[in-house]
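Trainee: sharing a model prediction with you, sequence too.
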Amino acid sequence: MTKVVLSFSMSLDGFVAGPDVGTDEPMGRGGERLHDWLFKSSSEIDAEKAQEISQRVGATIVGRRTFDVGIGPWEDTPYPVPSFVLTHEKREPLAMKSGVFTFVTDGIESALSRARAAAGDEDIVVMGADTARQYVAAGLADEIVIQMVPVLMGKGTKLFDQLEDRQIELTQVSAVQSPSVTHLIYRLTKDSER
């Protein structure tokens, strides 16, 4: 069954990007540190976890800001699957080497419907902190995958910054530690909001 998955590398103090995110620094100042486990680690655990994530992706939903700052470094879709960009700007689909970016202007549910059709039985990965918060707030996210990086960033973009007035219950599915990060998987407990 297709799941809507939020997958982020996050600092211990909750940041998924450093300050001053832009096209020159897509992860913000110091934010690349969050992906050292993916690009610099020699750990078999980290390699296995990265492969697990990429093998289960059938489509992505990407926030417009994430698209704008990511398209340069990616030079492609973020995964080799169809990608749906949430935006207010109408735009023709953008074909890339490994997939197509389709621009969705009619909301998160429409993007999810299109992503489900494209993903088949595989999962949908939601990218971008604001977009992820929207899916959690709407009760449309199924799973949160966090690579907890042992660093305190102090400032930047927090993943769950605007959900303070809510309590959303999670069930821990797994926790695996490597020398670089702790890989965590949580399932959102449906109808458990308080």
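Mentor: It's in. As the structure is a computational prediction, the values presented were derived from the model and not from experiment.

Trainee: quick one: the spatially most central residue of the chain and S43, what's the gap?
Mentor: The centroid of the chain falls nearest to M127 when counting by CA atoms, centre = their mean (3.3 Å). To S43, M127 is 24 Å away according to CB to CB, to the nearest Å. (Glycine included, C-beta is placed from N, CA and C.)

Trainee: hey, where'd the helices end up in the protein?
Mentor: Under the criterion DSSP state H, the chain contains helices at 36-39, 44-55, 64-74, 108-119, 129-137.

Trainee: can you add mean pLDDT, distance to Q162 and mean neighbour count and give those back as a markdown table?
Mentor: Listed next are the helices of the chain as a markdown table, based on pLDDT from 0 to 100; distance: least, CB to CB, whole Å; neighbours: other CB atoms under 10 Å:
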| stretch | mean pLDDT | distance to Q162 | mean neighbour count |
| --- | --- | --- | --- |
| helix 36-39 | 94 | 26 | 16 |
| helix 44-55 | 94 | 25 | 14 |
| helix 64-74 | 95 | 15 | 18 |
| helix 108-119 | 97 | 15 | 18 |
| helix 129-137 | 94 | 6 | 21 |
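
Trainee: between the ones you listed, which gets nearest to Q177?
Mentor: Taking CB to CB, helix 44-55 is the member of the helices of the chain nearest to Q177, at 7.8 Å.

Trainee: which strands and helices lie in contact with the closest one?
Mentor: Helices and strands touching helix 44-55, by 3 or more CB pairs under 8 Å, 6 or more residues apart in numbering; DSSP states H and E, are helix 36-39, strand 170-177, strand 182-188.

Trainee: among the ones you listed, which is the most enclosed?
Mentor: Burial of the helices and strands packed on helix 44-55 is given as mean neighbour count (mean count of other CB atoms under 10 Å); strand 182-188 ranks first at a mean of 18.

Trainee: now the angle between strand 170-177 and it, please.
Mentor: With axes from the mean of the first three to the mean of the last three CA atoms, to 10 degrees applied, the angle from strand 182-188 to strand 170-177 works out at 160 degrees.
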